[in-house]
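Enquirer: Pasting the sequence and the predicted coordinates here, then a few questions.
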Amino acid sequence: MRSDAIKKGLERVPHRALLHATGLGRKDLERPFIGIATSFTDLIPGHVGMRDLERFIERGVCYGGGAPFLFGVPGICDGIAMGHLGMCYPLALRELVADIIETVCNAHQLDGIICLTNCDKITPGMLMGVARINIPAIVVTAGPMLSGRFNKRKLAFVHDTFEAMARAKNGDISKEELSCLELEACPGQGSCQGLYTANTMACLTETLGMSLPGCGTALAGSAKKRRIAQASGERIVDLIRKDIKPRDIITKESLENAITVDMALGGSSNTVLHLMSIAHETGINLELKTFDKISKLVPHITNIEPAGEHFMEDIEYSGGIPAVLKRLKSKLNNTLNVNGQKTFEIAENATIFDQDVIRPLNAAYHKQGGIAILYGNLAPNGAVVKQSGVSAKMMKFSGRAKVFNREEEALQAIMNNKIKKGDCIVIRYEGPAGGPGMREMLAPTAAIVGLGLSDDVALITDGRFSGGTKGPCIGHISPEASAGGPIAIIRDGDTINIDIVNRKLELKLSQEEIARRFKNWKPVEPKIKTGYLSRYARLVSSADKGAILE
């Protein structure tokens with residue numbers, strides 16, 4: 001076993017003494033050492049229930065014949081971090097999580113690891129970490145939150161909080177109703193109820209084969225989630241004995257499966273960054289254009305919040321990700337799951353309980369997948385849009401630029417009614433390095449929707465969007481402004497042409513005018529000059545490469 005390096009031989013007497021000091025007996029030293037990396041915290045709704053799941057994972061590890069060791073991983077709630085300095089940190093956290101997995105597992109020579117996770121950047125960070133160290137691993141995501149209730153209506157976090165703020169300002173709902181929504185929109189533990197980044201990544205982790213079947217949509221607090229946690233603990237010992245490692249499971253083919261399911265679900269645009277970063281850790285070259293290639297071949301077959309009417313609980317009760325795999329079987333590769341089954345076997349054994357929640361391919365909500373990649377003189381290296389959240393009217397749009405160098409400036413203009421029909425909001429210097437941390441723009445986009453402007457106004461940025469974003473919002477514009485991308489030289493009143501159908505994003509200026517403006521351009525001063533974010537900004541790559549640290 002790998003852990004023999006710290007527990008076998010005469011020269012390891014001091015090591016064994018320290019291990020015995022933790023309470024281990026001699027028989028425990030004969031067992032495989034299993035790390036349980038838990039991101040439990042009281043700060044995040046998606047993570048507050050993890051203490052319970054830790055117990056069941058531990059129980060499973062012991063039943064399987066392993067010795068379990070819990071260690072902590074930090075977590076950030078993107079929703080709480082949204083709209084202020086805090087949003088510079090979540091994407092940067094992803095790299096810290098991967099580094100912690102590498103550091104603890106290698107320092108203690110663990111034989112295998114269970115990753116207990118749930119929210120937006122923590123799940124991909126853990127996947128990056130286990131792909132990097134390549135020891136047997138299973139991921140347990142803690143599950144989606146149930147929908148809230150108000151006046152017989154289902155509630156979801158983004159629609160009934162972020163968008164509700166603008167509706168209240170507009171006089172469409174009362175202060176009393178807003179207060180009720182604030183209390184009821186998030187009724188308890190779990191990741192927010194729609195296909196935001198946390199739930200999208202949970203579904204894709206299962207699709208990749210790194211979670212047991214059913215894990216991605218099993219609801220937070222459910223007995224099913226407890227059983228999956230325990231079964232994962234037992235199964236990790238088998239993976240060690242059979243020497244099955246993450247790079248046996250995370251392959252080019254399984255990454256293509258994950259993209260296929262992502263497109264069919266209409267998931268968060270953040271998955272582009274995360275799947276590319278996971279691929280990077282395995283040594284696989286996953287290009288941005290692959291997402292668009294698959295999107296054109298895979299129909300959008302679910303209609304889930306924030307762009308649709310269904311919730312994650314509806315996907316779960318309709319058969320979960322196994323049912324989605326069943327529907328998509330003809331478009332998938334037959335890859336391995338940590339439970340020992342292959343994708344086709346999982347799909348064949350699944351049942352689709354609701355034909356409207358998970359539609360047939362020939363009755364899809366949209367003919368193409370959820371994400372599109374745009375190119376043009378405004379985004380030479382590409383930009384990303386969640387096209388499943390864009391109305392047919394706004395698939396082509398020409399607007400007047402309203403330029404802002406910070407998210408807060410744009411939000412203030414929106415809330416003060418300074419944005420008019422036909423405007424194209426430009427938020428720049430919010431990219432991976434310029435942000436730093438590539439902040440999510442959920443607050444401005446939700447305000448646009450709440451004010452009823454989503455079919456009249458577009459927003460483009462070198463930052464990114466929450467999985468909760470809907471409407472013509474184009475992010476990940478590369479190169480970013482701080483790297484001298486064309487977004488840096490846009491001026492108020494310039495015409496911006498968006499053509500999602502033909503994958504175009506153009507600034508209506510001649511090449512001569514663009515060159516002339518660049519002669520007088522200087523990058524803005526870094527917003528943060530000390531601490532972790534300063535180091536992150538100096539090392540991070542562009543969004544079209546996954547915003548990895550180089």
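Expert: The structure has been received and is ready for your questions.

Enquirer: where exactly do the strands run in the stretch 451-550 of the chain?
Expert: 458-461, 473-478, 495-499, 504-507 (DSSP state E, counting those that start in this stretch).

Enquirer: Of these, which is nearest L183?
Expert: Proximity to L183 (C-beta to C-beta) singles out strand 473-478 among the strands of the stretch 451-550 of the chain, at 28.4 Å. C-beta here means a position set from N, CA and C on the backbone, and glycine is covered the same way.

Enquirer: The closest one: partners in the sheet, and parallel or antiparallel?
Expert: Taking DSSP bridges as the criterion, strand 473-478 forms sheet pairs with strand 379-386 (antiparallel), strand 458-461 (parallel).

Enquirer: out of these, which comes closest to M50?
Expert: strand 379-386 (28.9 Å).

Enquirer: any residues touching the closest one, and which ones?
Expert: 266, 268-269, 272, 288-289, 291, 307, 370-375, 460, 464-465, 469-470, 472-479, 485-487, 500, 505, 542-544 (C-beta atoms under 8 Å, 6 or more residues apart in numbering).

Enquirer: That one vs strand 495-499, what angle?
Expert: Compare the direction of strand 379-386 with that of strand 495-499 by axes from the mean of the first three to the mean of the last three C-alpha atoms, to 10 degrees and you get 60 degrees.

Enquirer: picking up where we left off before, could you flag which of the contacts of strand 379-386 are buried?
Expert: Taking 16 or more other C-beta atoms under 10 Å as the criterion, what is buried in the contacts of strand 379-386 is 266, 268-269, 272, 288, 291, 307, 370-375, 460, 464-465, 469-470, 472-479, 485-487, 500, 505, 542-544.

Enquirer: now do the same end-to-end measure for stretch 536-546.
Expert: The first and last residues of stretch 536-546 sit 14 Å apart, counting by C-alpha to C-alpha, to the nearest Å.

Enquirer: how many other residues sit next to I278?
Expert: Number of residues near I278 (other C-beta atoms under 10 Å) recorded here: 32.

Enquirer: dump the residue contacts of it.
Expert: P124, L127, M128, A131, L208, I250, L255 are the contacts of I278 under C-beta under 8 Å, 6+ apart.

Enquirer: Make sure I have this right: it is in a strand.
Expert: No - per DSSP: H, G, I helix; E, B strand; the rest coil, I278 lies outside any strand segment and is helix.

Enquirer: Give the rounded mean pLDDT of the helix of greatest length in the chain.
Expert: Longest helix in the chain, counting residues (DSSP state H): helix 223-242. Helix 223-242 comes out with an average pLDDT of 98.

Enquirer: by contact count, what packs against that helix?
Expert: strand 33-38, helix 50-64, strand 112-117, strand 137-141 (3 or more C-beta pairs under 8 Å, 6 or more residues apart in numbering; DSSP states H and E).

Enquirer: Please enumerate the strands of the stretch 201-350 of the chain.
Expert: Using DSSP E, counting those that start in this stretch, strands in the stretch 201-350 of the chain do not occur.

Enquirer: so where is it shaky, pLDDT-wise?
Expert: Low-confidence regions of the stretch 201-350 of the chain, defined here as pLDDT under 70, do not occur.

Enquirer: wait, what's in contact with the residue nearest the centre of the chain?
Expert: In the chain, the C-alpha nearest the mean C-alpha coordinate belongs to T197, at 3.5 Å (C-alpha atoms, centre = their mean). Each residue near T197 by C-beta under 8 Å, 6+ apart is listed here: D78, C119, D120, K121, S268, N270, T271, S466, G467.

Enquirer: Tell me, how many residues neighbour the closest residue in space to D238 that isn't next to it in sequence?
Expert: Using C-beta to C-beta, 6 or more residues apart in numbering and skipping the chain neighbours, the partner closest in space to D238 is G64 (6.9 Å). By the measure other C-beta under 10 Å, the count of residues near G64 is 23.

Enquirer: now swap in L43 and tell me
Expert: Neighbours of L43 (other C-beta under 10 Å): 12.

Enquirer: My impression was that it belongs to a strand - is that right?
Expert: No - under three-state DSSP, L43 sits outside any strand and is assigned coil.

Enquirer: is it true that it touches C77?
Expert: Yes - the pair L43 / C77 is scored as a contact, 6.0 Å apart, by C-beta atoms under 8 Å.

Enquirer: now the residue nearest to the centre of the chain: how far from I122?
Expert: 10 Å (C-beta to C-beta, to the nearest Å).

Enquirer: can you give me how far the helix or strand encompassing A17 is from the chain middle?
Expert: Using DSSP states H and E, A17 sits in helix 13-21. Remark: helix 13-21 is offset 40 Å from the chain centroid, using C-alpha atoms, centre = their mean, to the nearest Å.

Enquirer: just checking, what packs against it?
Expert: helix 4-7.

Enquirer: coming back round to it: compare the contacts of I278 and tell me which is most surrounded.
Expert: L127 (31 neighbours).

Enquirer: Surely it is within a helix?
Expert: Yes - membership of L127 in a helix is supported by three-state DSSP.

Enquirer: how much space between the closest residue to L361 other than its chain neighbours and T335?
Expert: Leaving out its chain neighbours, the residue that sits closest to L361 by C-beta to C-beta, 6+ apart is P299, at 5.5 Å. P299 sits 21 Å away from T335, taking C-beta to C-beta as the criterion.

Enquirer: try T495
Expert: Distance of T495 to T335, computed by C-beta to C-beta: 46 Å.

Enquirer: And D4, by the same measure?
Expert: Separation of D4 from T335 (C-beta to C-beta): 31 Å.

Enquirer: neighbour count winner among these two?
Expert: Set D4 next to T335 and count neighbours by other C-beta under 10 Å: T335 wins out with 22 against 13.

Enquirer: so the more buried one touches T260, yeah?
Expert: No - T335 is beyond contact range of T260, at 11.3 Å (criterion: C-beta under 8 Å).

Enquirer: For Y536, list the residues it contacts.
Expert: By C-beta under 8 Å, 6+ apart, the neighbours of Y536 are A92, E95, P436, G437, L549.

Enquirer: cool, and T161?
Expert: Taking C-beta under 8 Å, 6+ apart, we find T161 in contact with L181, E182, A185, C186.

Enquirer: Just give the nearest non-adjacent residue to the second one, would you?
Expert: It stands for E182. Nearest one to E182, counting by C-beta to C-beta, 6+ apart, is T161 at 6.7 Å.

Enquirer: Just the pLDDT for the one you found.
Expert: Reading off the model, T161 has pLDDT 89.

Enquirer: Kindly provide the distance from it to E102.
Expert: 36 Å.

Enquirer: And I315, by the same measure?
Expert: Per C-beta to C-beta, I315 is found 33 Å from E102.

Enquirer: Looking at these two, which has the bigger crowd around it?
Expert: Between I315 and E102, counted using other C-beta under 10 Å, the more crowded position is I315 (25 against 16).

Enquirer: wait, isn't that one in contact with E305?
Expert: No - counting by C-beta under 8 Å, I315 does not reach E305; the two are 10.6 Å apart.

Enquirer: got CSV for the contacts of Y536, with distance to I414, pLDDT and neighbour count too?
Expert: What follows is the contacts of Y536, written out as CSV (distance: C-beta to C-beta, whole Å; pLDDT from 0 to 100; neighbours: other C-beta atoms under 10 Å):
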residue, distance to I414, pLDDT, neighbour count
A92, 26, 97, 23
E95, 31, 97, 21
P436, 24, 96, 26
G437, 22, 95, 31
L549, 33, 93, 17
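
Enquirer: returning to that earlier point: what's near enough to touch the residue nearest to D238?
Expert: Shown in contact with G64 (C-beta under 8 Å, 6+ apart): G233, E234, R235, I236, V237, D238.
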